[in-house]
Structure formats: C-alpha cells, structure tokens
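Undergrad: sequence and predicted structure, then a few things I'm wondering about:
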Amino acid sequence: NNEKSTNLLNYSKTNINKIIFSLIMYSVKNQNNAKTIG
C-alpha cells in the first residue's frame, strides 16, 4: 500500500513537470512570435 502511494506521488510529480515544461515552451514560442511580428 505504501509503495502504491509512492508510485502515485512520482506519477503526479512527473505530470506536473511535463505541464510546467510545456507551459515554458509555450511562452518561449509566443515570445519568439511576438518578436518576429514586432
């Protein structure tokens, strides 16, 4: 049971990292687009 919750914790950590990473990539892309347009 303890092992299961640890796996769940690791899984959600990985998901949060993925979300943060894609948000960063998204904002970087938007900044580049804004620079190109401006």
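TA: Now that the structure is in, tell me what you want to look at. Please read these numbers as outputs of a predicted model, since none were measured by experiment. Numbering: from 1, shown residues only.
Undergrad: what's the spacing between S12 and K4?
TA: Taking Cβ to Cβ, to the nearest Å as the measure, S12 falls 13 Å from K4. (C-beta placed from N, C-alpha, C; glycine too.)
Undergrad: how close does T36 get to M25?
TA: When distance is defined by Cβ to Cβ, T36 is 17 Å away from M25.
Undergrad: what do you get for A34?
TA: Using Cβ to Cβ, one gets 15 Å for the distance from A34 to M25.
Undergrad: go on, N7?
TA: Applying Cβ to Cβ, the value for N7 to M25 is 27 Å.
Undergrad: what does Y11 give?
TA: As judged by Cβ to Cβ, Y11 and M25 stand 21 Å apart.
Undergrad: then I19?
TA: Taken as Cβ to Cβ, the span from I19 to M25 is 11 Å.
Undergrad: between T36 and M25, tell me which one has more neighbours.
TA: M25 (10 against 7; other Cβ atoms under 10 Å).
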